[in-house]
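[1] Provided below for reference: sequence and predicted model.
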Amino acid sequence: MPQTFYVTQDEEILSIVGRLRSSELLENVFVIPKRALVLQSIVNLRMLSREAEKSGKQVVIVTQDENGRRLAEKAGLGTRAYSEEALREAEPVIRELPSEEPDRIYRPGIFSDSIGSAGFFATDEEVSSPERSAPRHIATPPASSDRTASDGTRLRIRNASAGFRTSLNSLRIDDSPADTVSSVSVRPSVPIHASPAPAHHPTPNRPSQTGHSGRLSQVFTGAKPAVTADSERDARRQPKRSVPDQSSNIDANGKGNFLFGFFVTITVVFLLGTGAFIFLPKAVISVTPQSVSQDISMEFEGRTDASATGDTVVPVRLVEKDEEITVTGTTSGLSAGNGSKATGKVLIYNEYGPDAQQLVATTRFQSDDGKIFRLSKGVTVPGITKQNGQNVPGVVEADIVADAAGNAYDIGPTNFSIPGFSGGPKAGKIYAKSKVSMSGGASTGSSGAVAVSASDIEQAKKDAIGKFRESFAESLSGEIASDERYIKETFDIAVTGNPTAPGVGTVASSFEYRATFHGKAFVFSEDKLHDVAVAILRKQASIGDGYAAQGVTFRYDGGTADYPSGALHFKVGVDAIFVAGIDTTALRTDFLGRNQDEIKQALENHPEVKNIEIELTPKGLSLAVPKDPNRVTVTVIAP
């Protein structure tokens with residue numbers, strides 16, 4: 001059997017290591033109760049494991065403490081849970097001796113240190129001694145060896161030796177069949193004392209519960225052993241150990257934990273505050289600079305000559321454009337009282353080509369009998385179109401009026417040619433036809449018929465100029481640079497060539513005026529005008545260069561242009577704000593590390609500052625601007 005050791009709950013590791021060193025067997029079992037001191041630290045178990053490895057012995061821990069078993073396995077020790085099987089394996093085995101004399105009972109005593117010595121079998125007194133009741137290692141006798149006693153008696157005894165096992169789970173000899181025994185002849189120096197067996201053959205007495213199995217049960221169940229004289233003697237031999245008061249330990253530990261937690265909390269709060277004060281302070285400085293507003297009306301001179309100089313001179317350039325404009329005029333005059341002109345409708349055909357033909361008002365139409373009629377209003381005659389593979393001439397209806405008064409022009413339906421196309425390719429290709437008779441012509445009669453007047457033609461000319469001006473301005477806006485400006489009132493517009501208009505006195509409700517116009521304009525750079533205006537404002541308001549002009553706007557109030565001399569004169573209203581410049585780097589440097597009073601003093605050296613606001617973070621902890629410039633931000637607020 002293995003050497004078994006019973007460990008008390010408060011036994012220390014050095015004592016257990018000493019037991020292992022004193023063991024003569026290779027396999028040693030340590031029975032340890034729950035919550036034993038040695039199972040509370042893996043360091044203890046590793047010391048035991050290293051000692052076992054060093055001495056070439058095996059150690060198995062038997063315990064009900066699951067945590068202790070896990071720690072022992074981590075330390076490299078074998079473990080086994082407490083069970084009845086483990087209890088039986090730890091007990092010494094006592095069996096009847098199967099001999100020819102059933103009335104004799106073999107009671108094994110304690111073997112001496114070596115087989116064959118005079119004390120190989122202990123006496124009855126030695127058997128009853130508690131000190132000798134613990135199992136001891138015996139050498140394994142050779143299997144089936146026979147030795148003869150002095151009286152010639154042959155004894156068959158069970159091989160009670162443990163044999164070598166690598167663990168508690170290895171095969172035991174007593175796990176073999178019950179009839180497997182070793183036949184050993186012994187020659188004891190002390191005769192074996194055997195008493196006659198009772199008739200009922202009582203069962204052999206087992207060792208006292210204070211022996212091997214009793215101690216094992218006491219370890220795991222906590223039962224108190226019976227008090228005997230021998231146990232009292234053993235108790236007196238053991239050194240007395242004091243058991244600490246657990247309640248006092250709990251109170252002391254609880255109070256200590258509270259004080260420790262309180263100290264840790266205070267320390268963390270202090271460190272956080274210190275870190276915030278050292279590493280987190282920041283400052284945001286918002287600065288409002290000094291400013292001066294200016295509002296003035298000035299007259300500027302633009303010159304195409306780049307060499308022209310002056311405080312109010314700005315360079316200009318000339319832009320020109322030609323465009324044909326057509327407008328429709330309304331007649332407001334009355335015809336003379338010496339007669340009236342015949343009027344009617346005609347269909348005008350275009351067989352010349354696919355292009356449309358435009359005919360202006362007063363275009364002449366000549367009837368087959370030579371009567372001249374004029375177009376009352378300009379029209380556009382569509383060109384030829386293809387329908388079902390055939391050319392279809394374009395056609396449009398129009399009003400015509402006789403060229404002279406008299407009833408001779410009240411003619412019936414007829415064909416008309418256009419004298420203006422005579423001798424050309426369009427002659428005979430563009431013509432007109434009337435489907436109804438002309439009417440309204442009279443040689444004498446009262447006045448009152450509507451006719452074109454000179455004022456009507458003049459008004460039509462003005463309308464055409466206005467239309468050209470708008471078209472010219474729109475064209476300039478798309479052609480000039482983004483910073484260039486023009487003054488529409490200074491445009492120069494003239495009619496080129498002969499305009500097309502009906503004669504005065506022509507009877508018609510409306511007419512067309514067509515003319516080609518030529519326009520001129522001066523354009524200038526507003527950026528250059530800005531520089532000139534700011535320079536004048538600085539000089540008049542005595543504003544130094546330390547102030548920057550912001551929000552400059554212009555209001556143009558018209559002007560005049562002298563195109564032959566290349567000069568433009570115009571008036572401009574200027575609004576501007578001059579803002580003092582702020583050197584944020586110098587300001588930040590002056591405020592580093594300063595508190596409120598020191599900052600007020602420093603502001604005396606910065607007249608450009610109108611107002612200042614400083615925000616310090618973290619609030620309540622920072623009383624001055626940080627000394628680190630990277631933690632200070634300066635922001636300039638626009639006035």
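    Here it is on my side, so go on. These numbers were taken from a predicted model, which means no experiment stands behind them.
[2] show me where the stretch 401-550 of the chain has its strands.
    Taking DSSP state E, counting those that start in this stretch, the strands of the stretch 401-550 of the chain run over residues 415-417, 430-433, 450-451, 484-486, 492-500, 510-525, 547-562.
[3] least confident of those strands, on average?
    Among the strands of the stretch 401-550 of the chain, strand 450-451 carries the lowest mean pLDDT, at a mean of 78.
[4] before we move on, the earlier item: how about TSV for the strands of the stretch 401-550 of the chain, with mean neighbour count and distance to Phe300 added?
    (Glycine included, C-beta is placed from N, CA and C.) Compiled in TSV, the strands of the stretch 401-550 of the chain are given as follows (neighbours: other C-beta atoms under 10 Å; distance: least, C-beta to C-beta, whole Å):
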stretch	mean neighbour count	distance to Phe300
strand 415-417	17	61
strand 430-433	20	56
strand 450-451	20	50
strand 484-486	19	11
strand 492-500	13	19
strand 510-525	21	8
strand 547-562	15	8
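[5] what sits against Ile577?
    Applying C-beta atoms under 8 Å, 6 or more residues apart in numbering to Ile577 gives the contacts Ser291, Val292, Ser293, Gln294, Ala549, Gln550, Gly551, Pro639.
[6] which one of the residues you listed is nearest to Ala501?
    Minimum separation from Ala501 among these (C-beta to C-beta) is found for Gly551, which lies at 51.6 Å.
[7] ok, that closest one touching Ala576?
    Yes: contact criterion C-beta atoms under 8 Å: Gly551 and Ala576 qualify, at 6.7 Å.
[8] show me the shaky parts of the protein.
    Within the chain, the segments meeting pLDDT under 70 span 1, 84-256, 273-280, 334-339, 443-449, 620-621.
[9] and it, what are its domains?
    For the chain, the structural domains run 3-141+158-170+189-237, 244-279, 281-335+448-639, 338-442, going by automatic domain parsing.
[10] host element of Leu587?
    Element membership of Leu587 [criterion: DSSP states H and E] is helix 584-591.
[11] what is the next helix or strand after that helix packed up against?
    Proceeding N to C from helix 584-591, the next assigned helix or strand is helix 596-602, under DSSP H and E. Using 3 or more C-beta pairs under 8 Å, 6 or more residues apart in numbering; DSSP states H and E as the contact criterion, the neighbours of helix 596-602 among helices and strands are helix 584-591.
[12] tell me the buried residues in the helix it packs on?
    In terms of neighbour count (16 or more other C-beta atoms under 10 Å), helix 584-591 has its buried residues at Leu587, Arg588, Asp590, Phe591.
[13] can you spell out which helices and strands pack onto it?
    Helix 584-591 sits against strand 282-289, helix 596-602, strand 632-636, with contacts defined as 3+ C-beta pairs under 8 Å, 6+ apart.
[14] buried sites along the shortest one?
    With burial defined by 16+ other C-beta under 10 Å, the residues of strand 632-636 counted as buried are Val632, Val634, Val636.
[15] does the first one really touch Asp590, like I thought?
    This points to Val632. No: Val632 sits out of contact with Asp590 when judged by C-beta under 8 Å, with a separation of 10.8 Å.
[16] for the residue nearest to Gly68 when sequence neighbours are not counted, helix, strand, or coil?
    The shortest distance from Gly68 to any residue other than its chain neighbours is 3.1 Å, reached at Leu39 (C-beta to C-beta, 6 or more residues apart in numbering). Three-state call for Leu39 (DSSP: H, G, I helix; E, B strand; the rest coil): helix.
[17] how close does Leu39 sit to Ala72?
    With distances defined as C-beta to C-beta, to the nearest Å, the gap from Leu39 to Ala72 amounts to 7 Å.
[18] who has more neighbours, those two?
    Comparing Leu39 with Ala72 by neighbour count (other C-beta atoms under 10 Å), the higher total belongs to Ala72, at 27 against 23.
[19] just checking, the more buried one touches Val62?
    No: counting by C-beta under 8 Å, Ala72 does not reach Val62; the two are 10.2 Å apart.
[20] next up, the contacts around Gly394.
    Under the criterion of C-beta under 8 Å, 6+ apart, the contact partners of Gly394 comprise Tyr349, Asn350, Ala356, Val381, Pro382, Gly383, Ile384, Thr385.
[21] hmm, try it at 10 Å
    Residues in contact with Gly394 (C-beta atoms under 10 Å, 6 or more residues apart in numbering) are 348-357, 380-385, 430.
[22] okay, now the closest residue to Pro639 other than its chain neighbours: neighbour count?
    Across the structure, with C-beta to C-beta, 6+ apart as the measure, the residue nearest Pro639 apart from its sequence neighbours is Ser291 (4.1 Å). Other residues within reach of Ser291 by the criterion other C-beta under 10 Å amount to 16.
[23] who does the longest strand along the chain touch, helix- and strand-wise?
    Counting by DSSP state E, the longest strand found in the chain is strand 313-330. Using 3 or more C-beta pairs under 10 Å, 6 or more residues apart in numbering; DSSP states H and E, the elements in contact with strand 313-330 are strand 291-303, helix 454-479, strand 484-486, strand 492-500, strand 510-525, helix 526-541, strand 567-580.
[24] what strands line up against it, and which way round?
    strand 291-303 (parallel), strand 510-525 (antiparallel) (DSSP bridges).
[25] got the CA positions of the last one in CSV?
    As requested, the backbone C-alpha atoms of strand 510-525 are provided in CSV (Å, rounded to 0.1, in the frame of the first residue of the first chain):
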residue,chain,number,x,y,z
SER,A,510,-49.9,100.0,-88.0
PHE,A,511,-46.6,99.8,-89.7
GLU,A,512,-43.1,98.5,-89.3
TYR,A,513,-39.8,100.4,-88.7
ARG,A,514,-36.6,98.7,-89.5
ALA,A,515,-33.1,100.1,-89.0
THR,A,516,-29.5,99.0,-88.3
PHE,A,517,-27.9,100.5,-85.2
HIS,A,518,-24.2,101.0,-84.1
GLY,A,519,-23.5,101.1,-80.3
LYS,A,520,-20.5,102.2,-78.3
ALA,A,521,-19.8,101.8,-74.5
PHE,A,522,-17.0,102.3,-72.0
VAL,A,523,-16.3,99.5,-69.6
PHE,A,524,-14.0,99.7,-66.5
SER,A,525,-12.6,97.3,-63.8
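[26] tell me what angle it forms with strand 567-580.
    Orientation of strand 510-525 against strand 567-580 (axes from the mean of the first three to the mean of the last three C-alpha atoms, to 10 degrees) gives an angle of 50 degrees.
[27] one more: the first one?
    Angular relation of strand 291-303 and strand 567-580 on a 0 to 180 degree scale: 160 degrees, by the same axes, to 10 degrees.
[28] go through strand 291-303 and flag the buried ones.
    Under the neighbour-count criterion of 16+ other C-beta under 10 Å, strand 291-303 has Ser291, Val292, Gln294, Met298, Phe300, Glu301, Gly302, Arg303 buried.
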